[in-house]
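**Q** Just a sequence and a predicted model for now, questions to come.
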Amino acid sequence: MGARVLGMKKSLCASTAALAPDKNLAHQTLIQALKIALIGATIIVLAEGSSIAARVLITGVAALFLATGAAHANPDAPYPKVVKTEKYVKKPAGIARECVTKFSSDGKFENEKEAKACVRAWNGTIANPTKGHWRWIFPPPAEYNIPYTGVLMIQRLPIEQVHKVCWEVHLACTLPISTDPNGRGAQININGNRAGCLIVMPTDDYIKQHTAQDPSETLRHELAHCNGWPGDHPNSQSKWEWVEK
């Protein structure tokens, strides 16, 4: 077996040398095929003393490696075509685009100029504005951002009626209800036991279509008032943030 393979090696080398000066594309393709056969035969010789399973494994690996090399050996060959590949790079975490907003206890937008300038600056970094939108959130401090355990009532009303109950510039409002210590009545009082809480707000569809808020964020804000967050919003964390679709 070994002598026959070595004889084949000599013959193949001679054929390769004879064809090398010819620049014809078909000859170049034949040269690559001859080289593959030569190296493959040599690997079989090296594996002669191994088991049959080992020979099969070595031959298979050699064929895979050589076939891959042949595919890229001649970019001008009609077949196989060269396939350009790019190294996969994990997409980095997106840059957090956000602009802090500040409001006074009476609801005045204290840093409106700065916030708008911040949004404009971030807009210059957004390649495709149709793939996201700006959302305004007004999350409560952590101590108030907890489930409300009292009797909860949520009244959904048209925005005109919401403004009759709440301040006209508000999207929603909360009326905490505390019972009398003697059990003789109840009143709207955030400083009492807040046994019940009434939230007045428009429908989710209205919030989505007419505001830059998320309905779930609006409800979270109001539930914080049910838990005792004062109306002047101490330690508020309101901001504009860019959200990808």
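**A** Sure, I can see it.

**Q** only C-alpha atoms for contact and neighbour calcs from this point on.
**A** Fine.

**Q** the strands in this protein, which residues?
**A** Per DSSP state E, the chain carries strands over the ranges 98-100, 132-137, 151-156, 173-179, 186-188, 196-201, 239-244.

**Q** what residues does the first one touch?
**A** Residues outside strand 98-100 that contact it (CA atoms under 8 Å, 6 or more residues apart in numbering) are Ala115, Cys118, Val119, Gln237, Ser238, Lys239, Trp240, Glu241, Trp242.

**Q** hang on, the earlier thing: present the strands of the chain as JSON lines; the columns should include mean pLDDT and mean neighbour count.
**A** Below are the strands of the chain laid out as JSON lines (pLDDT from 0 to 100; neighbours: other CA atoms under 10 Å):
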{"stretch": "strand 98-100", "mean pLDDT": "94", "mean neighbour count": "18"}
{"stretch": "strand 132-137", "mean pLDDT": "92", "mean neighbour count": "16"}
{"stretch": "strand 151-156", "mean pLDDT": "97", "mean neighbour count": "13"}
{"stretch": "strand 173-179", "mean pLDDT": "95", "mean neighbour count": "22"}
{"stretch": "strand 186-188", "mean pLDDT": "90", "mean neighbour count": "15"}
{"stretch": "strand 196-201", "mean pLDDT": "97", "mean neighbour count": "23"}
{"stretch": "strand 239-244", "mean pLDDT": "91", "mean neighbour count": "16"}
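
**Q** could I get the ones you listed as JSON lines with distance to His233?
**A** Shown next, in JSON lines, are the strands of the chain (distance: least, CA to CA, whole Å):
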{"stretch": "strand 98-100", "distance to His233": "15"}
{"stretch": "strand 132-137", "distance to His233": "13"}
{"stretch": "strand 151-156", "distance to His233": "21"}
{"stretch": "strand 173-179", "distance to His233": "13"}
{"stretch": "strand 186-188", "distance to His233": "18"}
{"stretch": "strand 196-201", "distance to His233": "17"}
{"stretch": "strand 239-244", "distance to His233": "14"}
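
**Q** can you list the domain ranges for the chain.
**A** Domain segmentation of the chain under automatic domain parsing yields 2-73, 99-244.

**Q** Quickly, which of these bottoms out on average pLDDT?
**A** Lowest mean pLDDT within the domains of the chain: domain 2-73, at a mean of 41.

**Q** re the thing from before, out of the contacts of strand 98-100, which is nearest to Gln213?
**A** Trp240 (9.6 Å; CA to CA).

**Q** still on that earlier bit, ok, the contacts of strand 98-100 vs Pro140, which is closest?
**A** Pro140 has its nearest neighbour among these in Gln237, at 6.8 Å by CA to CA.

**Q** you'd agree Thr174 is up against His225?
**A** Yes: the pair Thr174 and His225 passes the contact test of CA atoms under 8 Å, sitting 6.4 Å apart.

**Q** ok, back up a step: of all the strands of the chain, which lies closest to Ile207?
**A** Across the strands of the chain, Ile207 has its closest neighbour in strand 196-201 (9.1 Å, CA to CA).

**Q** For the closest residue to Lys245 other than its chain neighbours, list the residues it contacts.
**A** Nearest non-adjacent residue to Lys245, counting by CA to CA, 6 or more residues apart in numbering: Gly132, 4.9 Å away. For Gly132, the contacting residues are Trp242, Val243, Glu244, Lys245, by CA under 8 Å, 6+ apart.
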